[in-house]
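Visitor: Turn this into a structure:
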Amino acid sequence: MVLAAHLDRGTARIDALVGKVREAIERLKEYRSGLITAAVTGRIDLCGGSELPTE
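Guide: Numbers count the residues shown, from 1 in each chain. Below is the predicted model of the structure:
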């Protein structure tokens, strides 16, 4: 019983971390898409060495 409880806690922590990583990946995909759109539409200047916009 003690071992099973220990394993349950461990897998719960891993599951929570996997969820956080998936959320982070989704946010990064959205950020990447926004950067590409901004570059294509000219909202940011990639040739002038300007800094990336902060949100």
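
Visitor: mind listing the helices in the protein by residue range?
Guide: 2-41 (DSSP state H).

Visitor: which residue is nearest the centroid of it?
Guide: residue 24 (2.4 Å; CA atoms, centre = their mean).

Visitor: quick one: that one and residue 41, what's the gap?
Guide: Residue 24 sits 26 Å away from residue 41, going by CB to CB, to the nearest Å. The C-beta positions use only the backbone N, C-alpha and C, and glycine is treated the same way.

Visitor: With residue 21 instead?
Guide: Residue 21 is 30 Å from residue 41, by CB to CB.

Visitor: Got the confidence number for the residue sitting furthest away from the middle of the chain?
Guide: The centre of the chain is farthest from one residue, residue 1, which by CA atoms, centre = their mean lies 36.9 Å away. pLDDT recorded at residue 1 is 91.

Visitor: got it, and residue 23?
Guide: 98.

Visitor: what number of residues lie near it?
Guide: 10 (other CB atoms under 10 Å).

Visitor: same deal with the one 5 residues further on?
Guide: The local packing count at residue 28 equals 10, with neighbours defined by other CB under 10 Å.

Visitor: Residue 47 too?
Guide: Neighbour number of residue 47 under other CB under 10 Å is 5.
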